[in-house]
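Novice: Sharing a model that was predicted from the sequence below.
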Amino acid sequence: MKVTQILSTAALAGPALGSTPCCEGGDYDVIVVGSGPAGIIMADRMSEAGKKTLLLEQGGPSYYITGGRERPGWLNGTELSRVDVPGLYKSIFANGGDLVCPPDVVNAFQGCTVGGNTAINAGLFFQPPASDWDLYFPESWHNADMQSAISKVRAKQPSTDSPSLDGKRYLQSGYEAAKQWLVDGAGYADVGLNDGPEDHQKTKVFGHPIWNYEGGQRSGPAKTYLQSALQRPNFSFQTGTKVVRVIREGETATGVETSTKEANGTSSICVKKGGRVILSGGALLSPQLLMWSGIGDPEILTNLSLAGHLPMPSPDWINNTAVGDKVFDNPNTFIELSSEAISSFDYSYDDPTISARDLYLNERSGPYTFASQTSAFWNFIKQGDDLVGCQGTIDSSGAMDFTKNGTMTLNVYGTSGLRSFGRVGLDDKGIATPSGGFFYSDPRDAQAVGTFVHGIFKALPPTLKPLNIAGNSTLEEVVKWISTPSPYTLGNVQHWSSSCRFETCVDADTRVIGMDNLFVVDASISSPLTTNPVMGTMIIAERAAERILAL
Ligand SMILES: Cc1cc2nc3c(=O)[nH]c(=O)nc-3n(C[C@H](O)[C@H](O)[C@H](O)COP(=O)(O)OP(=O)(O)OC[C@H]3O[C@@H](n4cnc5c(N)ncnc54)[C@H](O)[C@@H]3O)c2cc1C
């Protein structure tokens, strides 16, 4: 077990306060900004290739192994933080502690900690279908090109659809009800949801969720790739360090300007001549970093400059309106369902039942070995010549006004092929703010999601009743309901992506257009995927590492 290495801030070369920092040539071959899944993979692969690599993360520790100690009392005396225990997932929405980004960092619900959002998410780990790469990614990123990246992620990142170490599956009444409905009734195929890596499909499939857990605990890149990077003498990891901007001389990134809570003012960390800077701050914060580095929409750069946040004059800007444009999140709908056959289960942060607690602590078994989802399913809905991906994920309990025993929640998302997008702008303090209200701005998208819901409703058995919408609603009624604001509709899933797209924001090597040695590798460069984004984002990072190392 290796503990995260923190460099002292005194090791950083600092410019005079208030001046624009410059970099004369430092030690590092590569600086990676952000320890989310993509950043960790980039840092691991760059250091493995012999590059002297520095990974910078603004947040602090998360998993116990990284120094994280935030946890409820029942974990005292263990080597577990709240992050390690999958069943504590939902508590992040009530009390995010130090793991979530504060409002002066980003205007959205996001993880700012070692592992990024993989330290606070549900751990659902689904391979995107081959069609995502073939339809929505550029040449050299199609399914055939992605095979080695897919194999590398599968080889290095454990995952499971049966997380309890006693081999039993828990909370299966909801799974059985959903299977009867969707497999027996609606004709979905009951499959292993990551089966068939080479020509992977997610068309009309249903199954047990797959999570990136190991040994009854949350795994993820911070437990896998980061640990191998930390073994190398040419790798350093510095937490609590925010990168304010990339320092550049024209088209060359020479280093990064950083700030820490302890230090007054900012410092600079420089790359060697010929070195590289890779931004992996996530789909909201990488565009912010580009803008603060004078790369972006000139209107936004003008405002940033007027607010005193941009040191370089406008002739030094790289104007590109694609930075932050067409950001995507899944439009979410909660459908509450009830059946006498379902036993609901609520996860408690402080006070699990004695049997659930003991099963977890003594055997890494029971309901706390997973984050509450009991099944997942996908289909594609034809809209004109296009196919729109739709996903359903079923939870172990009801929500909001429907929490009696016997209820469960179906989350329905629209996914790949949707056409409604927002934009990452900056508020008056220069903080990333995704535009709201863009869901279903293309009416075709609501039609697709409505058709998906209407299709499965037609197969509802009489024993299973939707509680917040009538099960016999017409297609028009479903489309109207999902598009009308309510606590159950038009919700964000916080799966932000697609804010720095291929061909307009980065080239096929993930290099920022207009720059020589500055790259973006994270969910920003991904198109909207059919699946929850982490596994796809990790595959993208593996592919990006291959491309960058080949330059
Ligand atoms: C509540 C929640 C649940 C989710 N559930 C799932 C799920 O079950 N399955 C799934 O596949 N996806 C899920 N997601 C989405 C998924 O976790 C993200 O899509 C994914 O983590 C994005 O990876 P990334 O590499 O782009 O960076 P991120 O995970 O966004 O991480 C970026 C990191 O960079 C750091 N950073 C940013 N800017 C700077 C800076 N200037 N200086 C230093 N550090 C910086 C941040 O602090 C952060 O740690 C969920 C997300 C949330 C919020």
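Specialist: Yep, it's here.
Novice: Quick one: list the elements packing against the longest helix seen in the chain.
Specialist: Counting by DSSP state H, the longest helix found in the chain is helix 533-549. Where contact means 3 or more Cβ pairs under 8 Å, 6 or more residues apart in numbering; DSSP states H and E, helix 533-549 is packed against helix 37-48, helix 147-156. In this view, the C-beta of every residue, glycine as well, is placed from N, C-alpha and C.
Novice: can I get the CA coordinates of that helix in CSV?
Specialist: The C-alpha trace of helix 533-549 is given here as CSV (Å, rounded to 0.1, in the frame of the first residue of the first chain):
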residue,chain,number,x,y,z
PRO,A,533,-19.3,7.6,-18.9
VAL,A,534,-16.4,6.2,-16.7
MET,A,535,-15.5,3.1,-18.7
GLY,A,536,-15.6,5.0,-22.0
THR,A,537,-13.6,7.8,-20.5
MET,A,538,-10.9,5.4,-19.4
ILE,A,539,-10.8,3.8,-22.8
ILE,A,540,-10.5,7.2,-24.3
ALA,A,541,-7.5,8.0,-22.0
GLU,A,542,-5.8,4.7,-22.9
ARG,A,543,-6.2,5.5,-26.6
ALA,A,544,-5.0,9.1,-26.1
ALA,A,545,-1.9,7.8,-24.3
GLU,A,546,-1.1,5.6,-27.3
ARG,A,547,-1.6,8.6,-29.7
ILE,A,548,0.4,11.1,-27.6
LEU,A,549,3.3,8.7,-27.0
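Novice: residues of it that come out buried?
Specialist: For helix 533-549, the neighbour count (16 or more other Cβ atoms under 10 Å) marks 533-548 as buried.
Novice: Roughly how far does the closest residue to the ligand within the stretch 351-500 of the chain sit from S527?
Specialist: Using Cβ to the nearest ligand atom, Q494 is the residue of the stretch 351-500 of the chain that sits closest to the ligand, at 3.6 Å. Per Cβ to Cβ, to the nearest Å, Q494 is found 18 Å from S527.
Novice: Ok, L284 next?
Specialist: 17 Å.
Novice: who has more neighbours, these two?
Specialist: L284 (26 against 22; other Cβ atoms under 10 Å).
Novice: what's near enough to touch that one?
Specialist: Applying Cβ atoms under 8 Å, 6 or more residues apart in numbering to L284 gives the contacts 106, 108, 110, 327, 424, 432, 434, 496, 499.
Novice: and the last one, helix, strand or coil?
Specialist: Spelled out, it's S499. With DSSP: H, G, I helix; E, B strand; the rest coil as the basis, S499 sits in coil.
Novice: that older thread, which one of the helices and strands packed on helix 533-549 is the most hemmed in?
Specialist: Of those, the one with the most neighbours on average (mean count of other Cβ atoms under 10 Å) is helix 37-48, at a mean of 29.
Novice: on contacts alone, who are the packing partners of that one?
Specialist: Using 3+ Cβ pairs under 8 Å, 6+ apart, helix 37-48 is in contact with strand 28-33, strand 53-56, helix 225-230, strand 235-238, strand 267-279, helix 533-549.
Novice: The fifth one and the ligand in contact?
Specialist: No. With Cβ under 6 Å from any ligand atom as the criterion, the ligand is not reached by strand 267-279; the gap is at least 8.0 Å.
Novice: CA atoms of that strand as CSV?
Specialist: In CSV, the C-alpha atoms belonging to strand 267-279 read as follows (Å, rounded to 0.1, in the frame of the first residue of the first chain):
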residue,chain,number,x,y,z
SER,A,267,3.6,29.7,-8.3
SER,A,268,4.7,28.2,-11.5
ILE,A,269,5.7,24.6,-12.3
CYS,A,270,7.5,24.3,-15.6
VAL,A,271,7.9,21.5,-18.2
LYS,A,272,11.2,20.8,-19.9
LYS,A,273,11.8,22.2,-23.3
GLY,A,274,9.8,19.8,-25.6
GLY,A,275,7.6,18.7,-22.6
ARG,A,276,3.8,18.5,-22.6
VAL,A,277,0.9,19.6,-20.5
ILE,A,278,-2.2,17.4,-20.4
LEU,A,279,-5.5,18.9,-19.0
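Novice: What's the first helix or strand after that strand?
Specialist: helix 285-292 (DSSP states H and E).
Novice: Just checking: what are the partner strands of the next helix or strand after that next one?
Specialist: Later in the chain than helix 285-292, the nearest helix or strand by DSSP H and E is strand 295-296. Sheet pairing here is set by DSSP bridges, and for strand 295-296 it gives strand 318-319 (parallel).
Novice: what's next to the partner strand, contact-wise?
Specialist: Against strand 318-319 from outside (Cβ under 8 Å, 6+ apart): 251, 294-298, 301, 512, 514-515.
Novice: and this protein, which residues reach the ligand?
Specialist: Checking the chain against the ligand by Cβ under 6 Å from any ligand atom, the hits are 33-39, 56-59, 109-113, 116-118, 120-124, 242-243, 280-283, 285, 289, 494-495, 522-523, 532-534, 537.
Novice: are any of these buried, and which?
Specialist: With burial judged by 16+ other Cβ under 10 Å, the buried subset of these is 33-39, 56-59, 110-113, 116-118, 120-124, 242-243, 280-283, 285, 289, 494-495, 522-523, 532-534, 537.
Novice: domains of the chain?
Specialist: Here the domain parsing of the chain from automatic domain parsing is 25-123+221-327+497-549, 165-217+330-492.
Novice: Which single residue in the stretch 101-250 of the chain comes nearest to the ligand?
Specialist: G116 (2.2 Å).
Novice: Find the nearest non-adjacent residue to that residue, please.
Specialist: Counting by Cβ to Cβ, 6 or more residues apart in numbering, G116 lies nearest to G36, which is 2.6 Å off, once chain neighbours are set aside.
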